[in-house]
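1. Pasting the sequence and the predicted model now:
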Amino acid sequence: MKGGDILSRIVERRRERLRGKGPGDGPLQGLDRELYGRGRLGGDRVRAFPGPLICEVKRRSPSRGEIKANLNPLDQARTYLREGASAVSVLTEQDHFGGSLEDLVSVRRAFPDLPILRKDFLLEPEDVAVSWRLGADAILLIAGVLPFEDLARLLDEARRFGLAALVEVHSREEVEKIRPLTPALVGINCRDLRTFQVDLLRPAALVDHLDWPARIVFESGVFTREDALVARESGCSSLLVGEAAVRNPRCIPGLAAAMEEPLPVRTGGRFSFWRYCAQRRREGSEETTSVQARPLVKICGITNREDAALARDLGADLLGLVYADSPREAPEGLAGELAGFLGVPLVGVVVEGPEPGGAGATPGNRAGFRRALQDLESGALAAVQLHGHSPGGEISSLAWPAFKALRPSSPGEVHRLMSRCSGPRVLVDAHHRQLAGGTGEAVAEEVMVEVSRFLRDERRGALWLAGGLGPDTVAAVVERWKPELIDASSRLEERPGKKDQFLLEAFFRALERGGVW
Ligand SMILES: O=C(O)c1ccccc1NCC(=O)[C@H](O)[C@H](O)COP(=O)(O)O
């Protein structure tokens, strides 16, 4: 099912059910509150809810379709507990998620001490009472579907019953809506419930606007350790994981560990990389990942102080330093020197494994990789851009923060390469038989068509694009593919490794003049 107005339809259906059978949905009315209420969390435990990892009991969803039609809620909850979830969320919405209040009751009965969130589209104070009666410890309240007065009333009701309330937001507007209520537990949903688009940078973009003491839950789209690390870097203390946990509960220990163990490195020195990127997106782009605003600009292949300062002054958002065999390899010590005065995050570009065409793990590239890791650890680099094919697939075990640069050689390769990548963004660059990057060539049109289709159909993230961008092409490329970030290098040079002032200025002028912003 497509996005469209699905949220309104879900809410309308829920209202119909409330008008028909009432909040207890008929058969469950009159259940013994003492029996089902006995697992409720006491005061301190409500305050500690939900711990690092909430896993969801859900059979299907409008955005993902069937996930596990024959799911047994008890088996699923038991597995979650065994694997290390700190709380369980039970979907009770029937028509679109295949849940039920019976699911909630049966999980509560079997696990009296398990912290349970009731996840549904709750609309009326009576919903809160029913949730308590049937054994929930916490309820979800969605700011996007509740008028302010109703939200306030339901929050009060939750307090009266001693239930934790997870108040969910997705936009800046919704943050403003809940601000007067200063809820203690806020969920930031990476998924836009109206379009189903998932953007793992959404929490990072919103978190600084939550300017009251609150525990923040990172919701939706989490599959991997990298996703969990992004959640932590965004200032979230908990994850809410649905599809990944249902399909593969064995991911749970890794996700739980990623939320608790020491972060792999200093997460980007002075810059919190993903937070910087999320917050740097220009005005107007916040509400959607089909970006309208002027894209972020990464100028790559910086080898000296002068070029770095010029690119910064012209408006570059990120600068790239190459740590690989290349005519634009950055001299040793440059990152440390630039980080001291520049005020723009530096990205270390590395080639970390063999490329299909043979370029790759030369001794120079391996030495470059080690050097980049040192500069990342010292805080001189804010992130690492990984070219080449990593053997394991977990980029965070190589470096963090990091993102992959993918160079599909054909449309057929796009899905295979992009679906294997985790984390919030990948950079799409031009394929070349010999060179790992800095080719000066554009990504083939037919590859770009497939990349756009992948991002649209998977509804995940926004486009970061490199390859042959220069003053003459940048405006048309931006207009056509609407990237969130563009990356340019060799077509801004007077010779390999030295930027050309005229071309750099023309590039930024073309970007300002030619765009749709
Ligand atoms: O730029 C290089 O020489 C390079 C060498 C090895 C690995 C990556 C490299 N560059 C990566 C970049 O991010 C470039 O900006 C990107 O490939 C686009 O380059 P260009 O087509 O020259 O604008």
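-> Ah, there it is.

2. where along the stretch 351-500 of the chain do the strands fall?
-> Applying DSSP state E, counting those that start in this stretch to the stretch 351-500 of the chain gives strands spanning 383-387, 402-406, 427-428, 464-466, 485-488, 493-495, 498-499.

3. mind listing what the fourth one pairs with, with the direction of each?
-> If you go by DSSP bridges, strand 464-466 pairs up with strand 427-428 (parallel), strand 485-488 (parallel).

4. Nearest to the ligand, out of those?
-> Minimum separation from the ligand across the strands paired with strand 464-466 (CB to the nearest ligand atom) falls at strand 485-488, 4.6 Å. The C-beta positions use only the backbone N, C-alpha and C, and glycine is treated the same way.

5. mean confidence score for that closest one?
-> In this model, strand 485-488 has a mean pLDDT of 98.

6. For it, buried residues please.
-> 485-488 (16 or more other CB atoms under 10 Å).

7. Format the strands of the stretch 351-500 of the chain as JSON lines; extra columns: distance to the ligand.
-> Shown next, in JSON lines, are those (distance: least, CB to the nearest ligand atom, whole Å):
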{"stretch": "strand 383-387", "distance to the ligand": "5"}
{"stretch": "strand 402-406", "distance to the ligand": "6"}
{"stretch": "strand 427-428", "distance to the ligand": "7"}
{"stretch": "strand 464-466", "distance to the ligand": "4"}
{"stretch": "strand 485-488", "distance to the ligand": "5"}
{"stretch": "strand 493-495", "distance to the ligand": "8"}
{"stretch": "strand 498-499", "distance to the ligand": "11"}
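
8. Can you tell me the closest non-neighbouring residue to whichever residue of the stretch 51-200 of the chain sits closest to the ligand?
-> With CB to the nearest ligand atom as the measure, residue 200 is the residue of the stretch 51-200 of the chain nearest to the ligand, at 21.4 Å. Using CB to CB, 6 or more residues apart in numbering and skipping the chain neighbours, the partner closest in space to residue 200 is residue 424 (3.9 Å).

9. List, one by one, the residues from this structure near the ligand.
-> Listed as neighbours of the ligand in the chain under the rule CB under 6 Å from any ligand atom: 300-301, 320, 322, 324, 326, 328, 349, 351, 387, 429-430, 436-440, 466-469, 487-491.

10. if we can go back for a sec, now do the residue nearest to residue 200 against residue 448, distance only.
-> Separation of residue 424 from residue 448 (CB to CB, to the nearest Å) stands at 20 Å.

11. Looking at these two, which has the bigger crowd around it?
-> Set residue 424 next to residue 448 and count neighbours by other CB atoms under 10 Å: residue 424 wins out with 26 against 21.

12. Does the more buried one touch residue 275 like I think?
-> No. Residue 424 is beyond contact range of residue 275, at 11.0 Å (criterion: CB atoms under 8 Å).

13. hang on, the earlier thing: please read off the pLDDT at the residue nearest to residue 200 from the model.
-> 92.

14. Could you pull up the residues touching it?
-> 199-201, 227, 230, 274, 403, 461 (CB atoms under 8 Å, 6 or more residues apart in numbering).

15. Farthest pair within the residues you listed?
-> Based on CB to CB, the longest span within the contacts of residue 424 runs between 199 and 403 and measures 14.5 Å.

16. tell me the mean pLDDT for stretch 341-359?
-> 80.

17. got it, and stretch 274-281?
-> pLDDT averaged over stretch 274-281 gives 91.

18. Pull out the buried positions in it.
-> By neighbour count on 16+ other CB under 10 Å, the buried set for stretch 274-281 is 274-278, 281.

19. between the residues you listed, which is nearest residue 245?
-> Among the buried residues of stretch 274-281, residue 274 lies closest to residue 245 (CB to CB), at 22.7 Å.

20. just checking, the closest one touches residue 204?
-> Yes. Assessed by CB under 8 Å, residue 274 is found in contact with residue 204 at 5.2 Å.

21. hey, what's residue 402 bridged with?
-> Residue 402 has the following beta-bridge partners by DSSP bridges: residue 384.

22. Please report how far it lies from residue 250.
-> 24 Å.

23. Could you check which of the two has the larger neighbour count?
-> Per other CB under 10 Å, whichever of residue 402 and residue 250 has more neighbours is residue 402, with 26 against 10.

24. can you pull the contacts of that one?
-> 383-386, 395-396, 423.

25. go with 10 Å
-> Contacts here follow CB atoms under 10 Å, 6 or more residues apart in numbering; on that basis residue 402 touches 226, 229, 264-265, 273, 347-348, 350, 352, 372, 376, 383-386, 390, 395-396, 423.

26. Residue 348 is in contact with residue 329, isn't it?
-> No. Using CB atoms under 10 Å, residue 348 makes no contact with residue 329, being 11.3 Å away.

27. For those two, list the residues in contact with both.
-> Joint contacts of residue 348 and residue 329 (CB under 10 Å, 6+ apart) are 321-323, 368, 371.
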